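>>> what's the 3D shape of this:
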Amino acid sequence: MQHQPRGKYFEEFSVGQQIVTAGRTITEADIVAFAGISGDFNQLHTDAEFAKTTPFGKRIAHGLLITSIASGLAAQTGILEGTTIAFREIKEWKFAKPVFIGDTIHVVLEVINTKPMRRLGGGAVDIKVDVRNQNDESVIRGIWTVLMASKPEE
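Numbering: from 1, shown residues only. Sure thing, here's the model as predicted:
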């Protein structure tokens, strides 16, 4: 028996389609682990005393950590599982507000364009990404282009 992917095929995406992910609370362990993996030990993220002197007044999460968690939250919806060919592009990415330890984020995904790419066996899907905090404020936003496989012929 062959694995049946949960993900949506290219033909199943339509402009205007919206998906909201589950939430996830950002922890100190997330920040420490990301600093270790990335090598980014900037004091803004890792030094509580230094961070008190910044405009934020306390440590903030790495923007790329939140971007990575947003990607994981999108993956957990199942729409990309087993049908993604490649994550192709990030456009117009804006870090609008800081994310602090203890904040809970979720992601609002909206399909804004689809483009068939038959030679790749699927097409490009542009998804507007809006990462929001527990107060429903946009903290990061932009557009992801994901290459998705076409539905197999029966």
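>>> Can you list the strands that the longest strand seen in the chain pairs with?
Across the chain, the longest stretch assigned as strand under DSSP state E is strand 104-117. In the sheet, strand 104-117 lines up against strand 18-20 (antiparallel), strand 24-25 (antiparallel), strand 122-132 (antiparallel) (DSSP bridges).
>>> got the contact list for the second one?
If I follow you right, that is strand 24-25. Applying CB atoms under 8 Å, 6 or more residues apart in numbering, the contact partners of strand 24-25 are I69, G72, L73, G102, D103, T104, I105, H106. Just so you know, the C-beta spots here come from the backbone N, C-alpha and C atoms, and that holds for glycine as well.
>>> Then the first one?
By CB under 8 Å, 6+ apart, the residues outside strand 18-20 that reach it are A74, T77, I79, H106, V107, V108, L109, E110, V111.
>>> Give me the helices and strands touching the longest helix anywhere in the chain, please.
As assigned by DSSP state H, the longest helix anywhere in the chain is helix 63-76. In terms of contacts (3 or more CB pairs under 8 Å, 6 or more residues apart in numbering; DSSP states H and E), helix 63-76 is packed against strand 24-25, helix 28-38, strand 84-95, strand 104-117, strand 122-132, strand 138-149.
>>> What about V129, how many residues nearby?
Applying other CB atoms under 10 Å, we find 20 residues neighbouring V129.
>>> quick one, what contacts it?
Taking CB under 8 Å, 6+ apart, one finds A70, A74, V107, V108, L109, I140, R141, G142, I143, W144 in contact with V129.
>>> can you count the residues close to the closest residue to the last one other than its chain neighbours?
Think W144. Excluding the flanking residues, the one nearest W144 by CB to CB, 6 or more residues apart in numbering is I127, at 4.9 Å. Residues lying near I127 (other CB under 10 Å) number 22.
>>> repeat for the one 3 residues further on
The criterion is other CB under 10 Å. On that basis, D130 has 18 neighbouring residues.
>>> pretty sure it is touching I112, no?
No. Using CB atoms under 8 Å, D130 is not in contact with I112, being 11.5 Å away.
>>> would you turn the helices and strands packed on helix 63-76 into TSV with distance to E11?
Compiled in TSV, these are given as follows (distance: least, CB to CB, whole Å):
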stretch	distance to E11
strand 24-25	30
helix 28-38	36
strand 84-95	14
strand 104-117	9
strand 122-132	8
strand 138-149	9
